[in-house]
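Enquirer: Return a 3D structure for these sequence lines:
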Amino acid sequence: MTEQLSISDSSNITIPLRNLISMIALTGLSVWLYFGLTERLTFLEHQMEMLTIEVEENDHWIDTWQPPASVKESIVRMREIEMKLNLLDQKVTLYTEDVPLVE
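Expert: Residues are numbered from 1 along each chain as shown. Next comes the predicted model:
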């Protein structure tokens, strides 16, 4: 009843050729899928790092950006012109209120 298994250098194992080819194909497919997934993950991680660097550079640029001096001067001049225009508008309104309209 008890049968002992003896393994030596002259032991034989028989596997049908169809099963052997299937196991080799499955192993090859598994290796190909593993390296494909690893490559994809590495690519996505690299892309994420590059986007993070770009976002940080843009954030730094936004935080440190100052308009050119000519733009600042133009804004100051524009505010002065607006104030003068408002003052002139008020004066015209004052002068035209007292004058009756002639028809």
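
Enquirer: which stretch of helix or strand covers Val31?
Expert: helix 17-64 (DSSP states H and E).

Enquirer: Off-centre distance for that helix?
Expert: 17 Å (C-alpha atoms, centre = their mean, to the nearest Å).

Enquirer: which strands and helices sit next to it?
Expert: Using 3 or more C-beta pairs under 8 Å, 6 or more residues apart in numbering; DSSP states H and E as the contact test, no helix or strand touches helix 17-64. Where C-beta positions appear, they are placed from N, C-alpha and C, glycine not excepted.

Enquirer: Now the element after that helix, going C-ward?
Expert: helix 69-98.

Enquirer: State the mean pLDDT of that following helix.
Expert: Regarding helix 69-98, the rounded mean pLDDT is 90.

Enquirer: quick one: that helix to chain centroid distance?
Expert: So, by C-alpha atoms, centre = their mean, the centroid of helix 69-98 is 45 Å from its chain's centroid.

Enquirer: Let me see the mean pLDDT of the helix holding Val31.
Expert: 95.

Enquirer: ok, now how distant is the residue nearest the centre of the chain from Gly36?
Expert: Among the residues of the chain, the one closest to the centroid is Leu51, at 4.6 Å (C-alpha atoms, centre = their mean). Noted for Leu51: a distance of 23 Å to Gly36, by C-beta to C-beta, to the nearest Å.

Enquirer: next one: Glu57
Expert: Where Gly36 is concerned, Glu57 sits at a distance of 32 Å (C-beta to C-beta).

Enquirer: do Glu3 as well
Expert: 45 Å.
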